[in-house]
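A.B. asks: Have a look; sequence and predicted model below, questions after that.
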Amino acid sequence: MSKTEQANKLRAGQGFIAALDQSGGSTPKALRLYGIEESAYSSEAEMFDLVHAMRARIAQAPEFTGDKVLGAILFEMTMDRDIGGKPSPTFLWQERGVVPFLKVDKGLANDTDGVKLMKPMPDLDPLLERAVKAGIFGTKMRSVIDAANQTGIEAVVAQQFEVGQQILGHGLVPIIEPEVTISIADKAEAETLLRAAIIAQLDLLPKDQEVMLKLTLPETPNLYESLVNHPRVLRVVALSGGYSREEANARLARNGGVIASFSRALTEGLSAQQSDAEFNATIAQSIDDIYRASVAG
C-alpha cells in the first residue's frame, strides 16, 4: 500500500470517512439498531461475530467505494479478520480504494474537570506495530468534553497530542478526537476553548508531521476554519455525535472544508432483516447523502 497515495487521497479527495469502529461497550446498541437484540447472542464472541458480519456487509456493498468513501475506521477485531476473503485493511484498499484506519483507545476514564480523558494504553506500541504490518494508514482515539472547563479541555488536548506523538513515531497518522457532547448548555463556549487548545498543540508539531482532527459539528458554522487551513492538519472530519443523519448532514454542509466521519448516522436505517437489494439501496442512499454534505462546503 502506498502511504503517499493514501495521504494524497485523504488530503484532496472528495468524500468522507466511514466509522465502523464500534467497541465492546457500544456494540450491543449498534446491533439493536441493526435489528439484532441481545437475546440473539450468548457470548461476547458471538456478539463480535454478528457485528463483524454487519461491517463486512457494509464494506462489500456496491456503493462503498473510494469514489465517495475516502477511508474507514476499524475496530481492532475487524483489522484482525477478513472481508471478502482478504484481511480487512487489504480488502478496503485493494478492492475498494478506501484508506484503512484503526481505533486504538481503550475507553474513557472517569470525569475530571468536566472531561473524560482516555484510559491508559500500556499495550499501544505492540498494537501499532501490528497495525503497520496489517497496512493501516492511521489511527483514531476519542476523549469527551462535557463542560466549557479550560483546565479540562487543555488536559484532553494535551493527552491526545502526547499519544499522537507515539503514533506518529510508528509512521501512522493519528486522528485526534476530542468530542464535545452535543447536549451540554455551554457547547459553543467549549468549542471556542477547544479550538484554542488544539491550535496551541498544532503549532508545536514539527513541520514534517501531520495529524487529522475529528470534531463535533460546531454551533458556529466554520468555527474550525483555522484548523482546516493549518499546515499540520491533513484533514478535519466531523462526528455525528448523536445527531440524526439529516441534522448532522445539515450542520456539516455549513462547515467548509470539513468532511464527515459518521458511525451511527451512516448505519441509520440498516437492518439485518433487509434483503441484499434493500440493504444495498439503503446504504447507497446514506453514502450519497453524507457525500453531498461533505462536499457542500
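C.D. replies: Received the coordinates, thanks.
A.B. asks: so where's the stretch 151-297 of the chain shaky on pLDDT?
C.D. replies: Within the stretch 151-297 of the chain, the stretches falling below the threshold (pLDDT under 70) are 297.
A.B. asks: Just the helices from it, written as ranges.
C.D. replies: Here the stretch 151-297 of the chain has its helices, by DSSP state H, counting those that start in this stretch, at 187-202, 225-228, 245-253, 264-267, 276-296.
A.B. asks: Can you say which of these is packed in most?
C.D. replies: Among these, helix 264-267 has the highest mean neighbour count (mean count of other CB atoms under 10 Å), at a mean of 24. Just so you know, the C-beta spots here come from the backbone N, C-alpha and C atoms, and that holds for glycine as well.
A.B. asks: which helices and strands does it pack with?
C.D. replies: The contact analysis (3 or more CB pairs under 8 Å, 6 or more residues apart in numbering; DSSP states H and E) places helix 264-267 against helix 27-33, helix 44-59, helix 245-253, helix 276-296.
A.B. asks: got a list of contacts for it?
C.D. replies: Contacting residues not belonging to helix 264-267 are listed as 18-19, 30, 33-34, 54, 58, 240, 242-245, 248-249, 286-287, 290 [CB atoms under 8 Å, 6 or more residues apart in numbering].
A.B. asks: those strands in this protein, which residues are they?
C.D. replies: Read by DSSP state E, the chain holds these strands, from start to end of the chain: 16-20, 69-74, 82-83, 86-87, 99-103, 115-116, 138-145, 173-180, 211-216, 233-239, 258-260.
A.B. asks: Format the helices of the stretch 151-297 of the chain as TSV; extra columns: distance to S88.
C.D. replies: Formatted as TSV, the entries for the helices of the stretch 151-297 of the chain read as follows, by distance: least, CB to CB, whole Å:
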stretch	distance to S88
helix 187-202	30
helix 225-228	30
helix 245-253	24
helix 264-267	17
helix 276-296	17
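A.B. asks: Nearest to F75, out of these?
C.D. replies: Minimum separation from F75 across the helices of the stretch 151-297 of the chain (CB to CB) falls at helix 264-267, 13.7 Å.
A.B. asks: what distance separates the closest one from the centre of its chain?
C.D. replies: Relative to the chain's own centre, helix 264-267 is displaced by 12 Å; criterion: CA atoms, centre = their mean, to the nearest Å.
A.B. asks: Same check on stretch 118-133?
C.D. replies: The chain centroid and the centroid of stretch 118-133 are separated by 17 Å, computed with CA atoms, centre = their mean.
A.B. asks: Going forward, the N-terminal residue is numbered 4.
C.D. replies: Let's use 4 as the start, then, which means that last one is stretch 121-136.
A.B. asks: List the buried residues of that stretch.
C.D. replies: Neighbour-count burial for stretch 121-136, with 16 or more other CB atoms under 10 Å as criterion, is recorded at 121, 124, 127, 130-131, 134.
A.B. asks: With distance to E8 as extra columns, can I get the helices and strands packed on helix 267-270 in a markdown table?
C.D. replies: As requested, the helices and strands packed on helix 267-270 are arranged in a markdown table below (distance: least, CB to CB, whole Å):
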| stretch | distance to E8 |
| --- | --- |
| helix 30-36 | 31 |
| helix 47-62 | 20 |
| helix 248-256 | 26 |
| helix 279-299 | 20 |
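A.B. asks: out of the ones you listed, nearest to L230?
C.D. replies: With CB to CB, the closest approach to L230 among the helices and strands packed on helix 267-270 belongs to helix 248-256: 14.9 Å.
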